[in-house]
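Student: from the sequence below, what's the structure:
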Amino acid sequence: MSSENTTSLLTDRYELTMLDAAIKSGIIGRKAIFEVFARSLPLGRRFGILCGTGRLVKLLERFRFVDVDLEAIEGIVSQQTIEHLKGWRFSGTVRAYSEGECYFADSPVLTVEATYGDAQLVETIVLSVLNHDSAIASAAIRMSLAAGNRRLIEMGSRRTHEYAAVAAARAAYIGGFHATANLEAGRRYGIPTAGTSAHSFTLAFPTEREAFEAQLEATSGPITALVDTYDMEDAIRTAAGIAGDRLGAIRIDSGDLAKQSRLARLILDGLHLHNTQIICTGDLDEYKIEELSDAPVDTLGIGTALVTGSGHPTANFIYKLVAVEDPNGQMIPVAKLSPGGKATVGGRKHPARIYDARGTAIGEYIGTSPLDTTRAGLSRPLQSELMVHGEVVLQDDIDQARARCQQSVEEFGSVARDISPGQAAITVQRLPKRALLVIDVQNDFCEGGSLAVEGGHGVAQRLAGILGQGHRTTTGVYDYVIATRDYHENPEGHFAANPDYRDTWPPHCVIGTSGAELESALSGILFDAIFDKGRFLPAYSGFEGAEVITGMPLEQWLADHEIGAVDVAGIATDYCVRATVLDARKAGIGVRVLADLCVGVNPETSEQAMHEMSDAGAVIA
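Tutor: Okay, the predicted model is just below:
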């Protein structure tokens, strides 16, 4: 691979110096999660369009360091880093919103999971592509909405960098444009090309007639005549007299375009050239296009405003670390606490969009676990895998992205079609964190214990199989995994020699005995917190317990950790599970009871407990 085919130096110097320090400090190989998002939309915009992912994955495939690249960074990084980069390739996983999808402030449009070194190194190229292409596509769709059914031609090549022009043409096509004047974009991406002629061509001839005649002689098909070099009315009549039915279109590039186009239409119709179309150009943006809504204009050509994002040349995406592996192999959420609106939210995000009964998008929710995408009526997760271990696994073609853009905007109804300044079509809301709450899965409540419930060992084993040896806090199903324990010393009136098994019970879960410990299958689980209850007084609900280290009550602990929803499993359905669930609902916490991970003392009272919990608003799953 030659240096011309690599993209490794399309980056900022500090990416390499951070890599150098990461190698020397030893953190280079730790797993990391970065997310791309915008803190806000441009003022007055109702949505943005994600664009550039199709280009990005190809650039990441070519992100290598060949000899000439390595020579260029000598003196910037150490020899150790240069050796590391020899033969290096990006080997991370990339998930993103589909290209052409609408996004909003805080939408996590792209997620990179890789080693810290790999993920940090690609920051600049990720942002370069997405910020540019999304700005163009976001402007393009607004112009497309303003244009209605009229044809749009991208004509911005002479107003931007030569390579940016190609990327801009691609983004504009995805955003709803029909053609481009850029031939390289046509060749590379299959976008239809279109063009007319310049005033310089007309001025190069002694007369306008001779210029039009030259155009006719150069082609056997229809021509487009530029008619505002001198006098528009004379030019239209001259072109019509020469070309007749071969006058496919005229172009007007100056003056009051609404007034000029109406006059031009009258002249053309008077000459029986009803099929000759009118093209308007000349520093157009979405607002000027909207002003032409009643004018007899068939095609619009847009350049400067389009390739500069119509006043917003960047999408203002940022690329932030949200989780990193600690020395024990656990993924730990990390976040900035910077003032001035620059604080971030730690932990990987899982976005989904919800709809009303008519299929209109009404919200975007961000959860911190995959389960959140199936909660509360959420119907469509927004991220898909584009790359896995550095290999491209999904890449839509440009026409799929273009169709998706139109479909995505239509999902929001009339509010998205309004280009006037206003509020975002929807707001992005973060769902509360979710915890798994394991209730009293202790030896004394399992087979062989002093107060055994049939099926207790099975619950413990199934929970252990789900959680494994240590749960994952950012990439797993739950943000936290916590447990409660009956932990008795002398609970007043709770123990009895002749218990009634309703209010009094045989001694169980006594502090210092093996019966009080969690069932052995759960011994390898790294619980985030354990809450003990009932030391001196009878207690059934976990909300009567306190965290074993800090003494903090369960309700306060959940609030301090921003947990607003719990999945509940454990023993026994008709006693401690029931009491805990009812208290959780009283506290306003969302509850899902995992019925297959609960066992009860009595089938009849367990069924009654399930109905009671459901009536309180818990979901029985």
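
Student: for Cys27, which non-adjacent residue is spatially closest?
Tutor: Just so we're on the same page, residue 27 is Ile rather than Cys. Using C-beta to C-beta, 6 or more residues apart in numbering and skipping residues adjacent in sequence, the residue nearest Ile27 is Tyr116, 5.6 Å away. For glycine as for every other residue, the C-beta is placed from the backbone atoms N, C-alpha and C.

Student: check that neighbour and give its pLDDT.
Tutor: Tyr116 is assigned a predicted lDDT (pLDDT) of 97.

Student: show me what contacts it?
Tutor: If you count contacts by C-beta atoms under 8 Å, 6 or more residues apart in numbering, Tyr116 has them with 22, 27-32, 324.

Student: most surrounded residue in these?
Tutor: Neighbour counts for the contacts of Tyr116 were taken using other C-beta atoms under 10 Å; the highest belongs to Ala32, with 25 neighbours.

Student: quick one: distance of the helix or strand hosting that residue to the chain centre.
Tutor: Using DSSP states H and E, Ala32 falls within strand 31-38. Between the centre of strand 31-38 and the centre of its chain there are 10 Å (C-alpha atoms, centre = their mean, to the nearest Å).

Student: that one: partners in the sheet, and parallel or antiparallel?
Tutor: strand 110-115 (antiparallel), strand 317-325 (antiparallel) (DSSP bridges).

Student: backbone dihedrals for the residue nearest to Val566 when sequence neighbours are not counted, both of them.
Tutor: Spatial nearest neighbour of Val566, chain neighbours left out: Leu437 (4.6 Å); criterion: C-beta to C-beta, 6+ apart. Per-residue torsions, Leu437: phi -110, psi 110 (degrees, to the nearest 10).

Student: with Pro339 instead?
Tutor: phi -80, psi 180.

Student: kindly report the same for Ile332.
Tutor: According to degrees, to the nearest 10, Ile332 has phi -110, psi 130.

Student: just to check, it is in contact with Leu321?
Tutor: No - using C-beta atoms under 8 Å, Ile332 makes no contact with Leu321, being 10.8 Å away.

Student: please say which of those two ends up with more neighbours.
Tutor: The neighbour count for Ile332 versus Leu321, taken as other C-beta under 10 Å, is higher for Leu321 (19 against 13).

Student: if I pick the more buried one, what's in contact with it?
Tutor: 32-34, 119, 334.

Student: which of those has the most neighbours?
Tutor: Ile33 (27 neighbours).

Student: following the record's annotation, map out the domains of the chain.
Tutor: 3-136+313-351+383-422, 196-297, 433-620 (automatic domain parsing).

Student: so how far is the last one off the chain centroid?
Tutor: Just to be clear, that refers to domain 433-620. Distance of domain 433-620 from its chain centroid, counting by C-alpha atoms, centre = their mean, is 36 Å.

Student: same check, this time on the shortest one
Tutor: When C-alpha coordinates are averaged (C-alpha atoms, centre = their mean), domain 196-297 and its chain have centres 44 Å apart.

Student: now the element after the helix or strand hosting Glu604, going C-ward?
Tutor: Using DSSP H and E, the element containing Glu604 is helix 603-615. Using DSSP H and E, the helix or strand that follows helix 603-615 towards the C-terminus is strand 619-620.

Student: just the buried residues of the helix holding Glu604, please?
Tutor: Buried residues in helix 603-615, counted by 16 or more other C-beta atoms under 10 Å: 605-606, 609-610, 613.

Student: same check, this time on stretch 145-152
Tutor: 145-147, 150-152.

Student: alpha carbons of that stretch, in CSV - could you do that?
Tutor: The C-alpha coordinates for stretch 145-152 follow below in CSV (Å, rounded to 0.1, in the frame of the first residue of the first chain):
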residue,chain,number,x,y,z
LEU,A,145,-38.0,20.4,1.6
ALA,A,146,-38.2,24.0,0.4
ALA,A,147,-38.0,23.0,-3.3
GLY,A,148,-40.9,20.5,-3.1
ASN,A,149,-41.1,18.5,-6.3
ARG,A,150,-38.6,20.6,-8.2
ARG,A,151,-35.3,19.2,-9.3
LEU,A,152,-32.1,20.2,-7.5
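
Student: hmm, who's touching that stretch?
Tutor: 140, 143-144, 172, 176-179, 286-287, 289-290, 293, 297-302, 409, 416-417, 419.

Student: okay, and which of these map to strands?
Tutor: 179, 299-302 (DSSP state E).

Student: any idea how far the residue nearest the centre of the chain lies from Asn5?
Tutor: Geometric centre of the chain, nearest residue: Val109, 2.7 Å, by C-alpha atoms, centre = their mean. Using C-beta to C-beta, to the nearest Å, Val109 is found at 27 Å from Asn5.

Student: kindly report the same for Leu451.
Tutor: Counting by C-beta to C-beta - Leu451 and Asn5 are separated by 71 Å.

Student: the more surrounded of those two?
Tutor: In this view Leu451 and Asn5 are compared by other C-beta under 10 Å, and Leu451 has more residues nearby, 21 against 9.

Student: I'd say that one and His508 touch.
Tutor: Yes - counting by C-beta under 8 Å, Leu451 does reach His508; the two are 4.1 Å apart.

Student: tell me which element Ala464 is part of?
Tutor: Judged by DSSP H and E, Ala464 forms part of helix 456-467.

Student: now do that helix, average pLDDT.
Tutor: Mean per-residue pLDDT for helix 456-467: 91.

Student: restricting to C-alpha, output that helix in PDB.
Tutor: Taking C-alpha atoms only, helix 456-467 is exported to PDB below (Å, rounded to 0.1, in the frame of the first residue of the first chain):
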ATOM      1  CA  GLY A 456     -34.200 -21.900  45.200                       C
ATOM      2  CA  HIS A 457     -31.100 -23.600  44.000                       C
ATOM      3  CA  GLY A 458     -32.400 -23.400  40.400                       C
ATOM      4  CA  VAL A 459     -33.000 -19.700  40.700                       C
ATOM      5  CA  ALA A 460     -29.400 -19.200  42.000                       C
ATOM      6  CA  GLN A 461     -27.900 -21.300  39.200                       C
ATOM      7  CA  ARG A 462     -29.900 -19.500  36.500                       C
ATOM      8  CA  LEU A 463     -28.900 -16.100  37.900                       C
ATOM      9  CA  ALA A 464     -25.300 -17.200  37.900                       C
ATOM     10  CA  GLY A 465     -25.500 -18.300  34.300                       C
ATOM     11  CA  ILE A 466     -26.900 -14.900  33.300                       C
ATOM     12  CA  LEU A 467     -24.400 -12.800  35.200                       C
END
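
Student: ok, residues contacting stretch 507-523?
Tutor: Outside stretch 507-523, the residues that reach it (C-beta under 8 Å, 6+ apart) are 438, 440-446, 449-451, 456-457, 460-461, 463-464, 483, 485-489, 495, 525, 534-535.

Student: ok, 7 Å please
Tutor: 441-444, 446, 449-451, 456-457, 460-461, 463-464, 483, 485-489, 495 (C-beta atoms under 7 Å, 6 or more residues apart in numbering).

Student: now the residue nearest to Gly29 when sequence neighbours are not counted: how far from Ile125?
Tutor: Leaving aside its sequence neighbours, Gly29 sits nearest to Thr115 (C-beta to C-beta, 6+ apart; 5.1 Å). Remark: distance between Thr115 and Ile125 (C-beta to C-beta) = 17 Å.

Student: check Val581 too.
Tutor: 49 Å.

Student: so for those two, which sits in the more crowded spot?
Tutor: Per other C-beta under 10 Å, whichever of Val581 and Ile125 has more neighbours is Val581, with 32 against 22.
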